[in-house]
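Student: Dropping the sequence and predicted coords here.
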Amino acid sequence: MTRWILSAVAVFMAVTGCNPVSDTPPGGELRFVQSPGKPEITPEKIVRDVVGRKIRVSEVTGIGPPTEWTFEADEFKRAEILEQHATGKELTIVVFMTTHNNPHPDEDNVQVSGKLQLHYEWRIVRWVLTSIDNLTFRYSLGLST
């Protein structure tokens, strides 16, 4: 009888131990994980956080001179989160962002898009954007009609 119980336990342990471990959570989709208890940084938050920030940008073809772009509150902005890396109180997010100015009739239409790396720091009760690195964020000019 003891031999049968030990055999049954061994078989049970072997069967349950042989199941493959999946990196994909139930439901089949991967999710970005941030520190527990801290709010998630969304594309909408990123769009708000960049307002007033300046970043050096080059012209998309490389012909035009580099210039400084300031994110304005009233301009179109869209961000898509590509990567996130958290380390304690710091969070690095790579986004693909698209924006453009609101030109007056005599101004060029400027469109800017590409990858940005955003650095956030946890400060007491919220994530604070501390810096922005330009990875591939470039501008192009078009005449406003």
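Tutor: Nice, I can see it.
Student: elements contacting the lengthiest strand in the chain?
Tutor: Ranked by number of residues, the top strand in the chain under DSSP state E is strand 108-123. Other helices and strands packing on strand 108-123, by 3 or more Cβ pairs under 8 Å, 6 or more residues apart in numbering; DSSP states H and E, are strand 90-100, strand 126-134, strand 138-143. All C-beta spots, glycine's among them, are computed from the backbone N, C-alpha and C.
Student: secondary structure element for the nearest residue to Thr99 once chain neighbours are set aside?
Tutor: Nearest residue to Thr99, sequence neighbours excluded (Cβ to Cβ, 6 or more residues apart in numbering): Lys77, at 4.5 Å. Assigned by DSSP states H and E, Lys77 belongs to strand 76-87.
Student: Tell me how far that strand lies from the chain's centre.
Tutor: 1 Å (Cα atoms, centre = their mean, to the nearest Å).
Student: What average pLDDT does it get?
Tutor: If you average the pLDDT over strand 76-87, you get 96.
Student: elements contacting it?
Tutor: Strand 76-87 packs on helix 43-49, strand 90-100, going by 3+ Cβ pairs under 8 Å, 6+ apart.
Student: possible to save the ones you listed as JSON lines with mean neighbour count?
Tutor: Listed next are the helices and strands packed on strand 76-87 as JSON lines, based on neighbours: other Cβ atoms under 10 Å:
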{"stretch": "helix 43-49", "mean neighbour count": "16"}
{"stretch": "strand 90-100", "mean neighbour count": "18"}
